[in-house]
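K.L.:
Provided below for reference: sequence and predicted model.
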Amino acid sequence: MEENNWHKQETYRSLIHYGTNAIKFVFLINSGAIIALLTFIGNLLEKSNYTNSDIKYAFYYFIGGIVSSGIATVFAYLTQLNLYNESSMQTGHVWTLRISMFFVLLGIVLFCLGSICAINSLLIGNCIQSDI
């Protein structure tokens, strides 16, 4: 019985680690995309007259991803708080866990949408020469 309890504890610790890394990942990719895009546009504006304002939507998606990671963090905290206050047979923490997971996935989707939007607006703005 004691060996089974050890396995559950280690699994629980690793799940916390994976969850924390997932939230950090969402924050990092979205904030990194904003920094990279600002740097790219800054260099582009110095060398050309880039005037496509559709790029702002990519920033909106990336900012949404950052906000999504913050909301996921809040619900991850609430999940841990509920687990701390529950007995082993209760399941009140499940809804906060699912909300947290939803916002992690939403942050990844927002990053993908922001990336597609940035690429499209840069291609339409003729700042990237392509042979496609």
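P.N.:
Arrived safely, thanks for sending. Numbering: from 1, shown residues only.
K.L.:
And the residue nearest the centre of this protein?
P.N.:
Centrality entry for the chain: nearest residue to the mean C-alpha point is residue 26, 2.4 Å, by CA atoms, centre = their mean.
K.L.:
So that residue sits against residue 71, correct?
P.N.:
No. With contacts counted by CB atoms under 8 Å, residue 26 stays clear of residue 71, the gap being 10.3 Å. C-beta here means a position set from N, CA and C on the backbone, and glycine is covered the same way.
K.L.:
Name the residues of stretch 35-43 that come out as buried.
P.N.:
Judged by neighbour count using 16 or more other CB atoms under 10 Å, the buried positions of stretch 35-43 are 37, 41.
K.L.:
pLDDT on that stretch, on average?
P.N.:
For stretch 35-43, the mean per-residue pLDDT is 90.
K.L.:
What of stretch 62-78?
P.N.:
Summarised as a single mean, pLDDT over stretch 62-78 is 95.
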